[in-house]
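Visitor: Okay, sequence plus prediction incoming.
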There are 2 protein chains.
Amino acid sequence: MSSYAVGIDIGGTNTKFGIVDRNGHIIEQDRMASNEHEDVSEYIDELISKLNPMIERAGGKQNFAGIGVGAPNGNYYTGTIEYAPNLKWKGIIPIARMFTEKTGLKTQLTNDANAAAVGEMMYGCARGMKHFIVITLGTGVGSGIVIDGKILLGHDGFAGELGHTIIRHDGRMHKGTGMKGSLEAYASATGVRETALELLTQYPEQESLLRDYSINELTSHSVYECAMKGDKIANEIFEFTGQVLGEALANFVMFSSPEAIILFGGLTKAGDLIMNPTRKAMEENLLQIFQNKVKLMFSELKEADAAILGASALVWE
Amino acid sequence: MSSYAVGIDIGGTNTKFGIVDRNGHIIEQDRMASNEHEDVSEYIDELISKLNPMIERAGGKQNFAGIGVGAPNGNYYTGTIEYAPNLKWKGIIPIARMFTEKTGLKTQLTNDANAAAVGEMMYGCARGMKHFIVITLGTGVGSGIVIDGKILLGHDGFAGELGHTIIRHDGRMHKGTGMKGSLEAYASATGVRETALELLTQYPEQESLLRDYSINELTSHSVYECAMKGDKIANEIFEFTGQVLGEALANFVMFSSPEAIILFGGLTKAGDLIMNPTRKAMEENLLQIFQNKVKLMFSELKEADAAILGASALVWE
């Protein structure tokens, strides 16, 4: 029986990869830039050149069950990355086949948020759960939905794009998709920054530590730091973000009635600042039969680990 | 092998019931009022007294595999109707157990929209489909979601309350739930009537055939009749209703990526008047990877038949 799997998480900026055993221990890991190769074939060659010594140290390919890859717009059924807005390679990229051809190892692909959900189910706080949703709050907003213990893929493999659902009719324009009022336009790091700029413009008279940052420097992280110092506008930004997110979560609960919703990614570092308004808005927007039932929690997996673990777990699934 | 199943559809006003064979033929059917018994036990007694002669004519109980019941807020896991706002019996009603005790037949319960979805899957236009959503557009808006060929029940059996998802933040108040901006407040027969009253008030100068109806007489059906005669406001009412519905459908597609969405119930009699704006708004609010893929269609089953067929099919499932 093969002992190891390779886990690869392809993000817009970085690719994280590692060797994982069946118990979810990362034996070795590394990272490289995702966006330095115009040609996806050259990107894969560099990645494999970094993976090969790791594989050798783990006893060679015969010890490996395969490669699991998480990537934005990754399709489980076809093994292709399709029109990913945050990646350099456009169109349809048959990445699973390319990995298999270049390594001889079976390769399983899914989108990055689905990989995170698999990681939670096998090694995180969703162990033993059959119905839950993972929401990734990073540069964008992603989602991995688990129904009856299986990742929801839908008819064509693209299910679970909850970040693009509309939560504010005719609301804020999303620069990447052109859609108005999608969850991602509010509850992503980009959305938090935009809310900050809006509120600072809306209340020009109100003092705020956020005004000490240049517009370029202002990030969701600076909003967090100012909020922790008691800055009123910074706190209001999290209140608003949590309210929009909580309303969206209520809609998701009324769709699939999950046991838990697990929040994952950079924005969760804000802790109670984001959790409290989110939970309040979710409960307020739920039909009675759903109230006070759904566990809303933060992922307990380290972000870099979870991405690799989740991707590798695709191999064992 | 048992040849027949009883199908019972409990609606807010009427209960429809019948004897169905394995091929989905309704051998015999009847109906009675749902709301004339304060005591649910007396209601069941009357229903059974009407069912018994039908069962005898079909060869007696030994020919029956069981009873399938569709009811608002019906829970598949527990066999109970829980806090159904449109039924006379309040609290938690163990209706499946009561039917079994009084008839000796195995009884399977689910909510009415789930029963409709089972009916579509076994006998309607969803035959052969693994992923689809049925939206029932009647007095209220219900939904039955099929994932991988199975009704989505969720953690506690209450999944699929899509009529209560919020589609207009801070929007129209739903008198039954107290929630603001839910789909049901717009896309139900009640919602269409309310849109009519709003538009007639908003444009007091504009002539409309709808002004010939008293406020009490004004229904979604009168709006349909006026729209067919070319009435401008009546047409605008369907445009608006379809737009709200289409936006909501886009959100549902980005959740579960179904092959088809099947619209069912009274409002579908409006045909293209409701289909065209719904389809347009759905496509406009979909992420590119979902566009022009989802079949949006009307149910081809007769409404009374579908309810009985779907409920009876629970027995064979």
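Guide: The structure has been received and is ready for your questions.
Visitor: so residue A:115 is in which element?
Guide: helix A:112-123 (DSSP states H and E).
Visitor: who's in contact with the next helix or strand after that helix?
Guide: Past helix A:112-123, further along toward the C-terminus, the next helix or strand under DSSP H and E is strand A:132-137. With contacts defined as CB atoms under 8 Å, 6 or more residues apart in numbering or on different chains, strand A:132-137 is touched by A:112-113, A:116-117, A:120-121, A:126, A:141-146, A:162, A:187-189, A:245, A:249, A:252, A:256, A:258-268, A:274, A:299. All C-beta atoms are positioned from the backbone trio N, CA, C, and that covers glycine.
Visitor: what is the orientation angle of strand A:132-137 with helix A:112-123?
Guide: With axes from the mean of the first three to the mean of the last three CA atoms, to 10 degrees applied, the angle from strand A:132-137 to helix A:112-123 works out at 130 degrees.
Visitor: Please give me every residue in contact with the residue nearest to residue A:139 when sequence neighbours are not counted.
Guide: Nearest residue to residue A:139, sequence neighbours excluded (CB to CB, 6 or more residues apart in numbering or on different chains): residue A:189, at 5.5 Å. The neighbourhood of residue A:189, defined by CB under 8 Å, 6+ apart, consists of A:137-139, A:219-220, A:266-267.
Visitor: Which entry within these corresponds to the minimum pLDDT?
Guide: Within the set of these, pLDDT is lowest for residue A:139 (85).
Visitor: hmm, back to that, mind listing which of the contacts of strand A:132-137 are in strands?
Guide: A:141-146, A:260-264 (DSSP state E).
Visitor: Can you tell me which of those is nearest chain B?
Guide: Distance to chain B across the ones in strands among the contacts of strand A:132-137 (CB to the nearest CB) is lowest for residue A:145, with 7.3 Å.
Visitor: ok, what's across the strand from that closest one?
Guide: residue A:133 (DSSP bridges).
Visitor: quick one, what contacts it?
Guide: Taking CB under 8 Å, 6+ apart as the definition, contacts of residue A:145 comprise A:117, A:133-134, A:151-152, A:159-160, A:162, A:256, A:258, B:255-256.
Visitor: Turn the residues you listed into TSV, including neighbour count, distance to residue A:106 and pLDDT.
Guide: Converted to TSV, the contacts of residue A:145 look like this (neighbours: other CB atoms under 10 Å in any protein chain shown; distance: CB to CB, whole Å; pLDDT from 0 to 100):
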residue	neighbour count	distance to residue A:106	pLDDT
A:117	32	21	94
A:133	28	28	98
A:134	34	25	97
A:151	23	18	95
A:152	23	23	97
A:159	27	23	95
A:160	26	23	96
A:162	28	29	97
A:256	23	30	98
A:258	28	31	98
B:255	26	30	98
B:256	24	28	98
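Visitor: In those residues, find the pair that's most separated.
Guide: A:134 and B:256 (15.6 Å; CB to CB).
Visitor: So residue A:229 is in contact with residue A:209, correct?
Guide: Yes - here residue A:229 reaches residue A:209: they are 6.2 Å apart, a contact under CB atoms under 8 Å.
Visitor: Pick out whichever of the two has more residues nearby.
Guide: residue A:209 (17 against 10; other CB atoms under 10 Å in any protein chain shown).
Visitor: Can you show me the strands along chain A?
Guide: Under the criterion DSSP E, chain A contains strands at A:4-10, A:14-21, A:26-33, A:64-70, A:81-82, A:92-93, A:107-110, A:132-137, A:141-147, A:150-151, A:260-264, A:295-298.
Visitor: Taking the contacts of strand A:132-137, please make a ChimeraX selection of just the buried ones.
Guide: Filtering these down to the buried ones (16 or more other CB atoms under 10 Å in any protein chain shown) takes a single ChimeraX command:
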select /A:112,113,116,117,120,121,126,141,142,143,144,145,146,162,187,188,189,245,249,252,256,258,259,260,261,262,263,264,265,266,267,268,274,299
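Visitor: what about stretch A:271-278 and chain B, any contact?
Guide: No - between stretch A:271-278 and chain B, judged by CB under 8 Å from any CB of the partner chain, nothing touches; the nearest distance is 14.9 Å.
Visitor: need the contacts of residue A:145 in a markdown table with distance to residue A:72, can you?
Guide: Converted to a markdown table, these look like this (distance: CB to CB, whole Å):
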| residue | distance to residue A:72 |
| --- | --- |
| A:117 | 15 |
| A:133 | 18 |
| A:134 | 15 |
| A:151 | 16 |
| A:152 | 17 |
| A:159 | 15 |
| A:160 | 12 |
| A:162 | 14 |
| A:256 | 22 |
| A:258 | 23 |
| B:255 | 18 |
| B:256 | 19 |
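Visitor: For chain B, see how far away the residue lying closest to residue A:267 once chain neighbours are set aside is.
Guide: What sits nearest to residue A:267 in space, not counting adjacent residues and going by CB to CB, 6+ apart, is residue A:137, at 3.7 Å. Distance, residue A:137 to chain B, using CB to the nearest CB, to the nearest Å: 17 Å.
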